[in-house]
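Asks: Take a look and give me a structure for this.
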Amino acid sequence: MALVTKGFELSISVADNGANISSMTWEANTAVITDLVTAQASRDSLVADLKALSDSIVVGTRLSEVQYEDAVAYPPAGIENENKASITYLIQGTNDKGNLQVPAPKIGAFVAPAGPSANIVNVAATIVTDYCDNFRTTGGWFVSDGQSLQTVLKGKRISAKNNNG
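Replies: From the prediction side, this is the model:
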């Protein structure tokens with residue numbers, strides 16, 4: 001089992017004189033665009049061609065690598081995405097709180113494997129802190145709207161609605 005590259009997708013956003021944004025998205029032809037360097041060069045070429053064709057201005061691009069699992073082995077019975085670890089945190093530089101939800105959390109994310117403590121996220125557990133560190137100022141990812149996680153406050157097990165049967 002491994003995540004393998006399926007190809008690339010490109011989105012280009014343009015704005016008109018009224019600041020109205022239009023976005024266009026395309027899937028890369030994998031027979032032509034086989035790696036990131038080629039994808040970047042092809043993006044630059046398409047942007048140049050679009051600029052020559054359109055009076056709108058290019059205000060942004062997004063180049064994404066598309067990956068998929070090449071040999072899916074589904075988890076055993078009882079592992080359901082409806083069961084979530086709900087982690088409440090303080091947003092960096094504010095007094096506001098945010099929430100991360102992790103589907104089908106491992107039992108090691110909780111204070112205990114059974115009893116009432118099995119519903120409380122252990123915010124000091126390595127698997128919890130490692131995950132949350134990705135959303136801190138130095139972690140590389142924003143939680144939302146350019147904001148970072150400052151402090152994990154608490155967490156609990158929740159169950160989300162599912163209409164899949």
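
Asks: Ala31 - how many residues pack around it?
Replies: 7 (other C-beta atoms under 10 Å). Every C-beta, even on glycine, is put in place using the N, C-alpha and C of the backbone.

Asks: Next, give phi and psi for the residue nearest the centre of the chain.
Replies: For the chain, the residue nearest the mean C-alpha position is Trp141 (8.6 Å; C-alpha atoms, centre = their mean). Dihedral pair for Trp141: phi -130, psi 140, per degrees, to the nearest 10.

Asks: isn't it right up against Asn134?
Replies: Yes. If you go by C-beta atoms under 8 Å, Trp141 and Asn134 touch, sitting 5.2 Å apart.

Asks: for this protein, what are the low-confidence residue spans?
Replies: 165 (pLDDT under 70).

Asks: what residues go with each domain of it?
Replies: Per automatic domain parsing, the structural domains of the chain span 3-69, 83-159.

Asks: Report the contact partners of the closest residue to Asp16 other than its chain neighbours.
Replies: If the residues on either side of it in the chain are set aside, Asp16 comes closest to Ser56, at 5.2 Å by C-beta to C-beta, 6 or more residues apart in numbering. The contact partners of Ser56, taken as C-beta atoms under 8 Å, 6 or more residues apart in numbering, are Val14, Ala15, Asp16, Ser22.
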